[in-house]
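[1] what shape does this take:
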Amino acid sequence: MPARRVDPAELRAAVSVTLAWLRGGAERPARRELAEAVRLSLRTLERQAPGNTVEVRVPPFGAVQCVQGPRHTRGTPPNVVETDPRTWLLLVTGELDWSTAVERGEVSASGSRADLAYWLPLLRFGNTPEEQAEQ
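    Predicted coordinates for the structure are as follows:
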């Protein structure tokens, strides 16, 4: 079954609530807001990279399977990506690149297909309030 479509405006709105926190200028968003941003972005990835080869986990908010290739049916999949919500959203917005996150140990990526660099970032925001307003 294909992943449910996420409205790009809904994704942008949910993630934009977290931007000041991601950039170090605000406190952590409310759990509900953070969960929504993570879940919508995971569903977007699932839709843009359909398949069942890689499981992407962002505890405690969600996990999806994505990327075409061999399908696993039981137990822990051979290709797993796991990270925390802040790192995930930094990757989603392009504030952090995939290789840097992996090198720093901020992302655990196991398996030969556990590389999401091709699909990230999912969206970008400008660096200034004026740039953000234009998007």
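[2] where along the chain do the strands fall?
    Under the criterion DSSP state E, the chain carries strands at the ranges 54-58, 62-66, 80-83, 107-110.
[3] which one of the ones you listed is the most hemmed in?
    A comparison of the strands of the chain by mean neighbour count, using mean count of other CB atoms under 10 Å, puts strand 54-58 on top with a mean of 23. Where you see a C-beta, it was placed from the backbone N, CA and C, and this is true even at glycine.
[4] so what's the gap between it and the chain middle?
    Mean-position distance between strand 54-58 and its chain equals 9 Å (CA atoms, centre = their mean, to the nearest Å).
[5] so what strands line up beside that strand?
    Strand 54-58 pairs in its sheet with strand 62-66 (antiparallel), strand 80-83 (parallel), by DSSP bridges.
[6] contacts only, for the residue nearest to Arg12 when sequence neighbours are not counted.
    Of all residues not flanking Arg12 in the chain, Leu123 sits nearest, at 6.0 Å (CB to CB, 6 or more residues apart in numbering). By CB atoms under 8 Å, 6 or more residues apart in numbering, the contact list for Leu123 reads 8, 11-12, 15, 92-94.
[7] backbone dihedrals for Arg28, please?
    For Arg28, the backbone dihedrals (degrees, to the nearest 10) come out as phi -60, psi 140.
[8] my read: it touches Trp21, true?
    Yes. With contacts counted by CB atoms under 8 Å, Arg28 reaches Trp21, the gap being 5.6 Å.
[9] of these two, which one has the most company?
    Trp21 (16 against 11; other CB atoms under 10 Å).
[10] tell me if I'm right that that one and Glu33 touch.
    No. Between Trp21 and Glu33 there is no contact under CB under 8 Å: 9.5 Å.
[11] count of neighbours near Ala9?
    The number of residues packed near Ala9 is 8, by other CB under 10 Å.
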